[in-house]
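Q: could you work out the structure for the sequence below:
(chains A and B)
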Amino acid sequence: MIPQTFRERYSSLVDDEDAFLSSLQRLLPKSFRVNTLKSSADEIKARFAGYGIEIRQMPWYADAFVSADPDIGSTLEHFLGKIYAQELVSMIPPLIVRKELEKARFVLDGCAAPGSKTTQLAALMENRNTIVANDISYARIKALQFNLQKAGALNTIITNQDLRFFPNRQFDVILLDAPCSSEGIMRKNDKLFRTWNEKKIFGHSRLQKQLIVKAFDLLKEGGVMAYSTCTFAPEENEEVVGYLLSKRDAKIEKIELPGFKFSRGTTEWREKQYPSEVEQCCRVWPQHNDTGGFFVARITK
Amino acid sequence: MIFEYFEERFGIPKSAFKDYQLYVGVKEKYYLGPKTIDKPAIVSPGLLIARAEKQVKPTSNFLQLFGHLSTKNVVELSKKDAKQYIEGYDLRVKTNAEHGYVILSYLGNFLGCGFLKDGLVTNNLPKAKRQQLKYL
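A: Next comes the predicted model:
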């Protein structure tokens, strides 16, 4: 059941309210990414065709697939780490810094667990150079470690720090997939609706503002950072990016994802105005591509 | 020592590791990771490739990644045996492989590690990785 306050909250922000609400009540299709450290899209297509499992390749990312088969986790390819079950939208942050990853010597994944994006970074970097995969939670690091080992990531070290107090190092590329109110993953876990409230949004927003400034300070001159959340709340998205712009000399760059539908960031929310640059950000609504909800900004220094 | 062991036991050449650095952790755990790492309290410096408390035991994750470079002590399994191995069972096999750690393989896929003695492969796949497969 979607709370009334939730419906009212987003009715003015979303382009098609009915489609939005009905998409939230449908289960998310299974999706996975081919781990190119161990396999290729062509190999997986051939193997799955042999099993009789139908899969659909995404036009915007050749390594991304969806399938209606609930048993993709019971394939030899999943056991071997040749595929990684990952939400489609979660594949976006590494993709928007893909070009920079080719030359990046040091990459930081600031809130890395359970490692979906980190393993994707390792694959995009072809196991070269160095990724620091950091997470504040030691319990979640166990899952991160398991997933990195299974994926065959050789260029990744794990650290267990509160990012706000991370030692001063300089990175060429940073992913900051911030802890958030997770409204966008309610299609996977509708229990989240029961515990949803605006107070959580405001609490996350405060933390995210501290994290984004710290992450930006860890970025080299000329470096690039992807800030993302899996939530719809502008307080956790455009407002956080706007906060960074007010504190640091950051630039927001336009995101292009040919073949993938999304909206631009909003500059107005309730009584608040955000800087016009936040329109360059990417806001993913679940009804547009049959995915979870997501927000991502590409920030340069 | 670890790289020599991999070369001697499985024929995996040392040159396969030239772009990476070997790190030794507690309990004689060997990791293969990036060459340049520094300070911030590291939990894991890369891929755990072997444990060597008593004797060198390669990890299944390592063999899945580097097994394709091996030239010896590989045991090719039938579909039925591969399924059983992934479920965690020990296997009775006919093989020319030598007594000691072996790589289990199925249709060119390197599944993991086992210990061969007198035709019996003891399953060394970690419990967390064991599962029933529907498709293989």
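Q: how about B:K54, secondary structure?
A: Look at B:K54: counting by DSSP: H, G, I helix; E, B strand; the rest coil, its state is coil.
Q: residues near it, how many?
A: For B:K54, the neighbour count with other Cβ atoms under 10 Å in any protein chain shown is 7. From N, CA and C alone the C-beta is placed, and that goes for glycine too.
Q: distance check, it against A:K188.
A: Separation of B:K54 from A:K188 (Cβ to Cβ, to the nearest Å): 44 Å.
Q: same deal with A:T229?
A: Distance check for A:T229 against A:K188: by Cβ to Cβ, it reads 15 Å.
Q: compare these two (neighbour count), which wins?
A: Neighbour tally, A:T229 and A:K188, criterion other Cβ under 10 Å: the higher count belongs to A:T229, 26 against 13.
Q: beta partners of that one?
A: Partner residues in beta bridges with A:T229: A:F295, with DSSP bridges as the criterion.
Q: and the helix or strand hosting A:A46, anywhere near chain B?
A: For A:A46, the host element (DSSP states H and E) is helix A:41-51. Yes - using Cβ under 8 Å from any Cβ of the partner chain, we find that helix A:41-51 touches chain B at A:Y51.
Q: now that helix: buried residues?
A: If you call a residue buried by 16 or more other Cβ atoms under 10 Å in any protein chain shown, then helix A:41-51 has these buried ones: A:A41, A:I44, A:R47, A:F48, A:Y51.
Q: check stretch B:70-86 too.
A: Buried residues in stretch B:70-86, defined by neighbour count with 16+ other Cβ under 10 Å: B:S70, B:N73, B:V74, B:V75, B:L77, B:D81, B:A82, B:K83, B:Y85, B:I86.
Q: what's the neighbour count on the nearest residue to A:G115 once chain neighbours are set aside?
A: On the basis of Cβ to Cβ, 6 or more residues apart in numbering or on different chains, the spatially nearest residue to A:G115 that is not a chain neighbour turns out to be A:N147, at 3.8 Å. Residues lying near A:N147 (other Cβ under 10 Å) number 20.
Q: what's the neighbour count on B:G88?
A: The local packing of B:G88 (other Cβ under 10 Å) involves 14 other residues.
Q: hmm, A:F262 and A:H288 touching each other?
A: Yes - A:H288 is in contact with A:F262 according to Cβ atoms under 8 Å; the separation is 6.3 Å.
Q: where does chain B dip in pLDDT?
A: B:37-41 (pLDDT under 70).
Q: now do the strands in it.
A: Ranges of strands within chain B are B:21-24, B:29-33, B:42-44, B:47-51, B:57-58, B:74-76, B:91-92, B:100-106, B:109-117, B:120-123, based on DSSP state E.
Q: minimum distance to A:H78: which of these has it?
A: Distance to A:H78, taken as Cβ to Cβ, is lowest for strand B:109-117 among the strands of chain B, at 12.1 Å.
Q: which strands or helices does the closest one pack on?
A: Using 3 or more Cβ pairs under 8 Å, 6 or more residues apart in numbering or on different chains; DSSP states H and E as the contact definition, the elements that strand B:109-117 packs against are helix B:60-66, strand B:74-76, helix B:79-87, strand B:100-106, strand B:120-123.
Q: what are the buried residues along it?
A: For strand B:109-117, the buried set under the neighbour-count rule, 16+ other Cβ under 10 Å, comprises B:N109, B:F110, B:L111, B:G112, B:C113, B:G114, B:F115, B:L116.
Q: now swap in stretch A:218-227 and tell me
A: Neighbour-count burial for stretch A:218-227, with 16+ other Cβ under 10 Å as criterion, is recorded at A:L218, A:L219, A:K220, A:G223, A:V224, A:M225, A:A226, A:Y227.
Q: now the second one. Nearest residue, chain neighbours left out?
A: Spelled out, that is A:L219. On the basis of Cβ to Cβ, 6+ apart, the spatially nearest residue to A:L219 that is not a chain neighbour turns out to be A:K301, at 4.9 Å.
Q: how much space between that neighbour and chain B?
A: Spatial separation of A:K301 from chain B under the definition Cβ to the nearest Cβ, to the nearest Å is 21 Å.
Q: pick the one among the buried residues of strand B:109-117 closest to chain A.
A: Sorting the buried residues of strand B:109-117 by distance to chain A puts B:N109 at the head of the list, at 5.9 Å, by Cβ to the nearest Cβ.
Q: close to chain A: what parts of chain B are there?
A: With Cβ under 8 Å from any Cβ as the criterion, chain B meets chain A at residues B:19-20, B:32-48, B:59, B:61, B:64-65, B:82, B:86, B:106, B:109, B:111, B:128-129, B:131-136.
Q: are any of those residues buried, and if so which?
A: Buried among the residues of chain B next to chain A by 16+ other Cβ under 10 Å: B:20, B:32-34, B:37, B:40, B:42-48, B:59, B:61, B:64-65, B:82, B:86, B:106, B:109, B:111, B:129, B:133, B:135-136.
Q: can you map out the helices along chain A?
A: In chain A, helices defined by DSSP state H lie at A:4-11, A:17-24, A:41-51, A:76-79, A:92-96, A:98-101, A:116-124, A:138-151, A:191-195, A:198-217, A:238-247, A:286-289, listed in chain order.
Q: what is the nearest of the buried residues of helix A:41-51 to A:I92?
A: For the buried residues of helix A:41-51, the residue nearest A:I92 by Cβ to Cβ is A:A41; the value is 17.8 Å.
Q: could you measure from the residue lying closest to A:K254 once chain neighbours are set aside over to A:K247?
A: Distances taken as Cβ to Cβ, 6+ apart place A:Q280 nearest to A:K254, at 4.4 Å, with adjacent residues excluded. Between A:Q280 and A:K247 the computed distance is 18 Å (Cβ to Cβ).
Q: before we move on, what about A:K45?
A: Look at A:K45 and A:K247: by Cβ to Cβ, they are 47 Å apart.
Q: quick one on the thing from earlier: could you export the buried residues of stretch A:218-227 as CSV, including distance to A:A112?
A: CSV is the format used below for those (distance: Cβ to Cβ, whole Å):
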residue, distance to A:A112
A:L218, 14
A:L219, 16
A:K220, 19
A:G223, 18
A:V224, 17
A:M225, 14
A:A226, 13
A:Y227, 15
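Q: farthest pair within these?
A: Farthest-apart pair in the buried residues of stretch A:218-227 is A:K220 and A:Y227; separation 16.5 Å (Cβ to Cβ).
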